[in-house]
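K.L.:
Provided below are the primary sequence and the corresponding predicted coordinates.
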Amino acid sequence: MEKLENILRKMDFNFFGSGQHTIGMEKAARLIGKKDRAIFLDVRTPEEVNLLPFPFALHIPVNELPERLNELPKDKLIIIFCSSIVRAAIVYPYLLAKGFDEVKILHATTENLASVLKPGPIYKRQQD
């Protein structure tokens, strides 16, 4: 618990203002499918994933995370997302407290994420 408390103490105005805890959609989209560099962690419920799956992501619902933490690599960037950023914001300090150093919250909703999976945006990323 002390680790979590120390992490929370660092979350001041400068921390939130700098955005260091987030990753934007454009930058994150370039990492889709690049499991050697980043893992997308989908913390939505199974019911949500059944309706809108993201096959490139590792799905671990928030309530299962403590028992499944060993499925996450500590040597890669972990990009956390959910339908509205709330659950990702909860998971962010939890992962830091558990020793994960490279963790970001996707600064986008699942609707935003789905929008980059259309042919135009995919084609553009392949050209970069």
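P.N.:
Cool, got the structure.

K.L.:
For this protein, give me the ranges with low pLDDT.
P.N.:
Residues of the chain meeting the criterion pLDDT under 70: 121-123, 125, 127-128.

K.L.:
could you pull out the helices for it?
P.N.:
Using DSSP state H, the helices of the chain run over residues 2-9, 13-18, 25-29, 46-51, 65-68, 86-97, 110-115, 119-127.

K.L.:
For the second one, buried residues please.
P.N.:
Within helix 13-18, not a single residue qualifies as buried, counting by 16 or more other CB atoms under 10 Å. In this view, the C-beta of every residue, glycine as well, is placed from N, C-alpha and C.

K.L.:
Highest mean neighbour count out of the helices of the chain?
P.N.:
The highest mean neighbour count among these, using mean count of other CB atoms under 10 Å, belongs to helix 86-97: a mean of 18.

K.L.:
Which of the helices of the chain sits closest to residue 79?
P.N.:
Residue 79 sits nearest to helix 25-29 of all those, at 5.6 Å, using CB to CB.

K.L.:
who touches that closest one?
P.N.:
With contact meaning CB atoms under 8 Å, 6 or more residues apart in numbering, helix 25-29 is reached by 38, 40, 79, 104, 106, 107, 108, 112, 113, 116, 121, 125.

K.L.:
Convert the C-alpha atoms of that helix to CSV, please.
P.N.:
What follows is helix 25-29, C-alpha atoms only, in CSV (Å, rounded to 0.1, in the frame of the first residue of the first chain):
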residue,chain,number,x,y,z
MET,A,25,-4.6,8.0,-30.2
GLU,A,26,-2.3,8.9,-33.0
LYS,A,27,0.9,7.7,-31.3
ALA,A,28,-0.9,4.6,-29.9
ALA,A,29,-2.3,3.7,-33.3
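
K.L.:
Now the residue nearest the centre of the chain. Nearest residue, chain neighbours left out?
P.N.:
Taking CA atoms, centre = their mean, the centroid of the chain lies closest to residue 80, which sits 1.4 Å from it. Ranked by CB to CB, 6 or more residues apart in numbering and with sequence neighbours excluded, the top spatial neighbour of residue 80 is residue 88, at 4.1 Å.
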